[in-house]
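Chemist: pasting the sequence and the predicted coordinates here, then a few questions.
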Amino acid sequence: MAVTVAAPGTRRMVLDNISWETYERLLADHVDQSAPRFSYDRGLLEIVILGRDHEVDNRCIAHLVWLVAAEIGIDLVDVGSMTYRRAAEQRGFEADSSFYIQHAGVARSEDFDVSDGPPPDLVIEIDASRSSLNNLDLYFHLDVPEVWTWERGRAKFFVRGSDRYDEVSQSRALPCFTTDMVTRLTEENRSLTSSEWYRSIVAWARLL
């Protein structure tokens, strides 16, 4: 077992030689619970126990996405840390945050079944580089089109190419966002009140 300390209060534990059946039992035992979070990749199971700083950054970026999309009229479905898994691939994840954007209409439909539907169009990961599991590789094999990470005070964007993720400075799922802008607005959240931060985001979005 490997234990990694990420943001203060956050713990990542990776267990090897875990069966798919054990992974599914853990998911069933924690259904509708926000923590801990589980990721699985062909026998490797990562368990993440979340700390305050981790969730502050996570909710900040997720709120940023939602607020700007609402302000400029982009439809999306916020599915948070929804479980997405594929038994045939022996892989599954619960991201920090995830959104359906290009597939928002599909995800909103009453007959949408995540077990055979598309993956989220955008996934957000906090402190992904601290993980003992290769999260980008996991997301790539589950066909996630775009991943944003927050690492050491900076946003990074990755879009899915033919054989790997390519790092980019502008989002493909939400072209109004650049890494510099997400970094700046996320850092502002540390020094502004919630109402000041909200007004700053709305003011920026109205210039788009």
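Modeler: Cool, the structure landed.

Chemist: ok now stretch 108-126, how far from the chain's centre?
Modeler: Counting by C-alpha atoms, centre = their mean, to the nearest Å, stretch 108-126 is centred 12 Å from the centre of its parent chain.

Chemist: tell me the buried residues in it?
Modeler: Buried residues in stretch 108-126, defined by neighbour count with 16 or more other C-beta atoms under 10 Å: 118-126. Glycine gets a C-beta too; all of them are placed from N, C-alpha and C.

Chemist: between the two ends of it, how far is it?
Modeler: Start-to-end span of stretch 108-126 (C-alpha to C-alpha, to the nearest Å) is 26 Å.

Chemist: run through who's touching it.
Modeler: 6-7, 54, 57-58, 61-62, 65, 77, 79, 82-84, 93, 95-103, 106-107, 135, 139, 142-150, 171, 173-174 (C-beta atoms under 8 Å, 6 or more residues apart in numbering).

Chemist: lowest average confidence, helix or strand, in this protein?
Modeler: Of the helices and strands making up the chain, the lowest-confidence element is strand 2-5, at a mean of 46, by mean pLDDT, DSSP states H and E.

Chemist: what residues does the longest helix seen in the chain touch?
Modeler: Looking across the chain with DSSP state H, the single longest helix is helix 52-72. Residues outside helix 52-72 that contact it (C-beta under 8 Å, 6+ apart): 6-10, 74-76, 78, 80, 96-97, 99, 101, 122, 124, 126-127, 148, 150, 155, 174, 176-177, 182, 185-186, 189, 198, 201-202, 204-206, 208.

Chemist: buried ones in it, by neighbour count?
Modeler: Of the residues in helix 52-72, 54-55, 57-58, 60-65, 67-69, 71 count as buried by neighbour count, 16+ other C-beta under 10 Å.
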